[in-house]
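Student: Need the 3D shape of this:
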Amino acid sequence: MSEVLSLAVCMFTHVTALDFQGPVELFSFVAPEAVARLQPNIPAYSIATSFLAPSMDLVQPDAGPRLAPTRTYASVCPGEQFDIILVPGGSGTRPEFNDEAVIEFIRAQAPGAKYVLSVCTGAELLARAGILEGRQATTNKSSFNRIKQLHPTVNWIAKARWVVDGKLWISSGVAAGADMGYAFMQHLVGHEVSNTIRGIVELSVHEKHDDEFAEFYKLA
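Tutor: As a prediction, this is how the structure comes out:
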């Protein structure tokens, strides 16, 4: 029997849906209701996913159809703790757009979570919540200098597809989220299960330092 880990995906207006859909597509193969299909290689962990938003209204992403949350941030009771937090990016991460409920949720949940993941400019939300203070991180390279200037106490790594600092798994822009998600799956459930899933979705994996966009934006 796999140990079930709870995952909270943070949604908000003008989120980039692919930021979280890439990792979540991989994680769906180890959902509690799906792990039996991986026999005889049942993983040690399964992941039960909740999609949180400021309200139960459909969420308008930066692109694509509106998204249906399963819970609100306000529904999380005192003492309730998610095991994994996944924070995507999008234009809604900018301070002038983002709902403060997202920041408050991250600030409350991240310290007690086993893992905190972010994709793209989701790192900006983690930085605003104080989670990246003195830690290594990266972000979408097109926004790298802007975010670095706003949050100078974070150790921003320019040439990185993703960065791991303790329980923090922080990836670069959009497509890098799937690469980070795959590496996280390997960490959590091992190579054999993760490689089986990679084959099903036909994911061509980049390594953590395989980052062409630092040079593309003349950051390194």
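Student: What is the longest helix of this structure by residue count?
Tutor: helix 176-189 (DSSP state H).
Student: pLDDT averaged over that one - what is it?
Tutor: The average pLDDT within helix 176-189 is 97.
Student: Tell me the first helix or strand C-terminal of it.
Tutor: With elements assigned by DSSP states H and E, the helix or strand that comes after helix 176-189 is helix 191-201.
Student: Return the distance of that following helix from the chain's centre.
Tutor: Centroid separation for helix 191-201 versus its chain: 19 Å, with Cα atoms, centre = their mean, to the nearest Å.
Student: how about the helices of the protein, start to end?
Tutor: 17-27, 100-109, 122-128, 144-150, 176-189, 191-201, 213-216.
Student: Compare those helices and give me the one nearest Ala137.
Tutor: With Cβ to Cβ as the criterion, Ala137 lies closest to helix 122-128 of those, at 5.2 Å. From N, CA and C alone the C-beta is placed, and that goes for glycine too.
Student: any idea how far the residue lying farthest from the centre of the chain lies from Val193?
Tutor: Centroid-distance maximum for the chain: Pro40 at 28.7 Å, with Cα atoms, centre = their mean. Computed as Cβ to Cβ, to the nearest Å, the Pro40 to Val193 distance reads 11 Å.
Student: Hmm, Arg161 and Asp211 touching each other?
Tutor: Yes - if you go by Cβ atoms under 8 Å, Asp211 and Arg161 touch, sitting 4.5 Å apart.
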